[in-house]
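Q: The amino acid sequence is not available; the structure is as follows:
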């Protein structure tokens, strides 16, 4: 019915008339069927009965004829008057339905058959052959007697065809009669049906008037409400479902009237703090700029960023963070509205998102007045805020800009305030800074990198490069290390150490790690599909130390997604972070062990603490710091260190990888001291995935198709 | 009306009738044409035109009209003629001889009844029978038509008598005649005669020539199965006789008128209406001879066929 839209009236008409039609058709079919049965039976019976009645009448009249002829025949028969007999028989056979009439002698031999030549003379009358079938012929006879003596007999053949014909004719006539009756009946049924259907239409119309019309009114009303109509629905004073519908529509309309305002409110206000949101702030700012341009007064903008808010979030979770933000917002609004800061409601506090707040200060064009406001904000936030029984003291970095002093464009003003805020952060946080033009150049590089990194991460625009890790004994590639690359559109190649640091500082490190893991596992899966199923992938993960490292579940989910086992992934942790990351009970170590993902220590060999505890750390292998490999060719000491580390690790069953191998000499030494794996420019530089694939194809030698497991190196 | 008055009236009427009768015999002369027929009504229509024609023709002789009297049998006719109440009659040869002999009538003319002047009788048997001639008829049965028939009884019966056969009348054709004689029966109709012979009910049948040729009497199917075994002398087909006492002038005038009819175009239709008559003419020598033989045979015949 989806394609066919029917009104209620049409549906009722269809339903009612459909029912009527079905009932009429059923009854009609039943009646017609019965009538047909009965008529067929009646025809057979009546036709048969008529035939037999006519038949007996015919036989009777034939008998009468024979009797009469027998009387008439006495004299001619006695005198053998053939002419007399002939005249008599001609008379007899002239009658309808008399097939033959003959006169016989007492022995039944024919004396006369009425013909001129009497060819049947002497034949037995009972054998007299007539053209008719026996079934349609009745033979009757009468004796011709004179004074008690039989002179002969008269035999008459009566055709029963008329009886049969009459019977058939009656059947036909009855059939026609019945057919006519049937036609009449169908016609009257059609008439009844028409009348009933008209009645049905009328009924449907009445129902429509009673129900459909108010429903349509209500539907129209509902549509109007959808378009913004807000008055009450048409009055329906009735207690039935339609009345209830009208009441519900009324209630809905009322709610809509209320919630429409709320929708407006939500569109322009932050749902958490109920402060104007970014959109509203921009709107207000735009209005203010317009007003100013139209000759109005200037205004100031304060950009407030909470320092270390991330700690609150990371420590207590988002709910606590939200609670914290709400308290901040309330405290700021109260403070701005009171204590004589807000003249005539000229200050508007807004939350742009996250831990960023702004203040639109109408009429504030003096830096001194702006600084006064900023100081008040800092002072307000200085007081510790208690969330979930923990008290936090956080500061705020505030940038201040003025219109029209620093610009009269909405975006320029926002950027200026932002830059001033970063300057304040750089100045040691928990302070404020008034914008000046000197900030436009270098000052914001770091800040813009942070923003750019966020953008590039959101857009998945970072890339991975892969450096093969080979087996020292035969140079076979056993694994690849994934290295993150960022090509900045302006700054060009950005050092990983730099952007990893930025990511850590700006809270994007987890996001970055997730990207690396996703891309690595994706590429690894493709490599496996390309026939390099033995390869493992190695990734540096920095966010393991977080309290609730989402990276762990991400790793689990991606492994599962690409149907890879944990052994295909290696997590490298830099030695300086080992103690922090990999205490035995740490969440990260425990979860990685569950997933079967081995942990390798990166840049190993520079910290005594690690060295001391290497046997108890939950690691699966170490990578010797490239410093020691470099030294292999340089001096004896470094060689010794590399050898010592290798031997020590082998002693406790850990395989060793040498990083930064660049010369053949280094390789030979590594072979000599029994190092297990090596990577470096001697074998290959880090390269994009496509190049790696080509490289691997060229280097298939030694590929035994097997994943190199750690157990192979446990001694 | 009183009885006296009724009686008086009756006497007056009787006197008036007597007067009328006297004047009729005297003044208007009437010629009476008689006929023997069992259906007067039908036969009257055949006689009426010629009666009128003759009346007109005889007017010069003083005959003013010709009356028709039809009686059912010959005996009655004989009496009427003896009484002089019938003047003229058309008869078969046998009937004419009968009247001449018993009532003193006279032959007047020959009539070509059904267009023929003379006819003969035929004896016939079934092809399957062994009868070849009349001599083979001993012990067999002959079927005549009717006692009054000239051609189908009288003439052939006379022939059989002349042949020397003894004829024995039988009640039924199925009876066998006494040894040495021939049986005879009357079939009552020419058709019956034909059927009886065809179906072997009798051995021989007798029919006039004209009946023989009539398909209604002897159907085509029959005639191939029949064999003619004897034929009689020819006889005049019909003979006109007049009362012996009839005025000779009238008789001559009548003969003259009849003889001239076939030459009178206006009379042809009148002739034809009278049993298909072609003409009237004088009896031939043979006819007279035949009639004479009949007359001679008559007494013996009456004896043999009472």
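A: Arrived safely. Source: prediction; values computed, not measured.
Q: Quick one: the helices in the stretch 101-250 of chain A, in order.
A: With helices called from DSSP state H, counting those that start in this stretch, the stretch 101-250 of chain A shows them at A:161-207, A:213-226, A:241-268.
Q: by contact count, what packs against the longest one?
A: Under the contact definition 3 or more C-beta pairs under 8 Å, 6 or more residues apart in numbering or on different chains; DSSP states H and E, helix A:161-207 sits against helix A:8-78. Quick note: C-beta positions are derived from backbone N, CA and C, even for glycine.
Q: what about the helix it packs on, distance to the chain center?
A: 69 Å (C-alpha atoms, centre = their mean, to the nearest Å).
Q: so for it, what's the average pLDDT?
A: In this model, helix A:8-78 has a mean pLDDT of 84.
Q: Repeat that for stretch A:589-600.
A: pLDDT averaged over stretch A:589-600 gives 85.
Q: How far does that stretch stretch from one end to the other?
A: Using C-alpha to C-alpha, to the nearest Å, the end-to-end distance of stretch A:589-600 comes to 11 Å.
Q: For that stretch, what is the distance to the chain centroid?
A: For stretch A:589-600, the distance to the chain centre is 37 Å (C-alpha atoms, centre = their mean).
Q: And for stretch A:271-281?
A: Using C-alpha atoms, centre = their mean, the offset of stretch A:271-281 from its chain centre is 34 Å.
Q: for stretch B:53-66, same thing?
A: Its chain's C-alpha centre and that of stretch B:53-66 lie 25 Å apart, by C-alpha atoms, centre = their mean.
Q: Run a quick neighbour tally on residue A:319.
A: For residue A:319, the tally of surrounding residues (other C-beta atoms under 10 Å in any protein chain shown) stands at 11.
Q: Report the buried residues of the helix or strand harbouring it.
A: Element membership for residue A:319 (DSSP states H and E) is helix A:318-337. Across helix A:318-337, burial judged by 16 or more other C-beta atoms under 10 Å in any protein chain shown covers A:320-321, A:323-329, A:332-333, A:335-336.
Q: just checking, what packs against that helix?
A: Using 3+ C-beta pairs under 8 Å, 6+ apart, helix A:318-337 sits against helix A:309-316, strand A:347-353, strand A:356-362, helix A:367-382, strand A:385-387.
Q: Identify the residues contacting that helix?
A: A:270, A:272-275, A:304, A:306, A:309, A:312-313, A:341-342, A:347, A:349, A:351, A:355, A:357, A:359, A:373, A:376-377, A:380-381, A:383, A:385, A:387-388, A:392 (C-beta atoms under 8 Å, 6 or more residues apart in numbering or on different chains).
Q: Give me the buried entries from those residues.
A: With burial judged by 16+ other C-beta under 10 Å, the buried subset of the contacts of helix A:318-337 is A:270, A:273, A:275, A:304, A:306, A:309, A:312-313, A:341-342, A:347, A:349, A:351, A:355, A:357, A:359, A:373, A:376-377, A:380-381, A:385, A:387, A:392.
Q: Once you drop chain neighbours, what's closest to the residue of chain A most remote from its centre?
A: For chain A, the residue at maximal distance from the C-alpha centroid (C-alpha atoms, centre = their mean) is residue A:79, at 118.2 Å. Spatially, and ignoring its direct neighbours in sequence, residue A:79 is nearest to residue B:188 (6.0 Å; C-beta to C-beta, 6 or more residues apart in numbering or on different chains).
Q: So for the one you found, what's the pLDDT?
A: For residue B:188, the predicted pLDDT is 89.
Q: My impression was that it belongs to a strand - is that right?
A: No. Read with DSSP: H, G, I helix; E, B strand; the rest coil, residue B:188 is coil and lies in no strand.
Q: Quick check: phi and psi at it.
A: Residue B:188 adopts backbone torsions of phi 90, psi -20, taken as degrees, to the nearest 10.
Q: OK, contacts around it?
A: A:79, A:81, A:83-84, B:145-146.
Q: remind me which residues of the stretch 201-350 of chain A are low pLDDT?
A: A:226, A:228-235, A:256-261, A:263, A:339-345 (pLDDT under 70).
Q: rerun that using 90 as the cut-off
A: A:201-275, A:277-280, A:282-283, A:288-298, A:306-324, A:331-348 (pLDDT under 90).
Q: can you pull out the helices in the stretch 451-600 of chain A?
A: A:496-505, A:509-529, A:550-562, A:575-581, A:587-595.
Q: Next, the angle helix A:550-562 makes with the longest one.
A: It stands for helix A:509-529. 20 degrees (axes from the mean of the first three to the mean of the last three C-alpha atoms, to 10 degrees).
Q: pLDDT of helix A:509-529, averaged?
A: 90.
Q: how about that helix: buried residues?
A: For helix A:509-529, the neighbour count (16+ other C-beta under 10 Å) marks A:509-521, A:523-525, A:527-528 as buried.
Q: by contact count, what packs against that helix?
A: helix A:445-458, strand A:463-471, strand A:477-488, helix A:496-505, strand A:536-540, helix A:550-562, strand A:569-574, helix A:689-698.
Q: Same list (those) but as CSV, adding mean neighbour count.
A: As requested, the helices and strands packed on helix A:509-529 are exported to CSV (neighbours: other C-beta atoms under 10 Å in any protein chain shown):
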stretch, mean neighbour count
helix A:445-458, 17
strand A:463-471, 21
strand A:477-488, 21
helix A:496-505, 17
strand A:536-540, 22
helix A:550-562, 18
strand A:569-574, 24
helix A:689-698, 15
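Q: Which one, of these, ends up nearest to chain B?
A: When those are compared by C-beta to the nearest C-beta, helix A:550-562 sits nearest chain B, at 121.0 Å.
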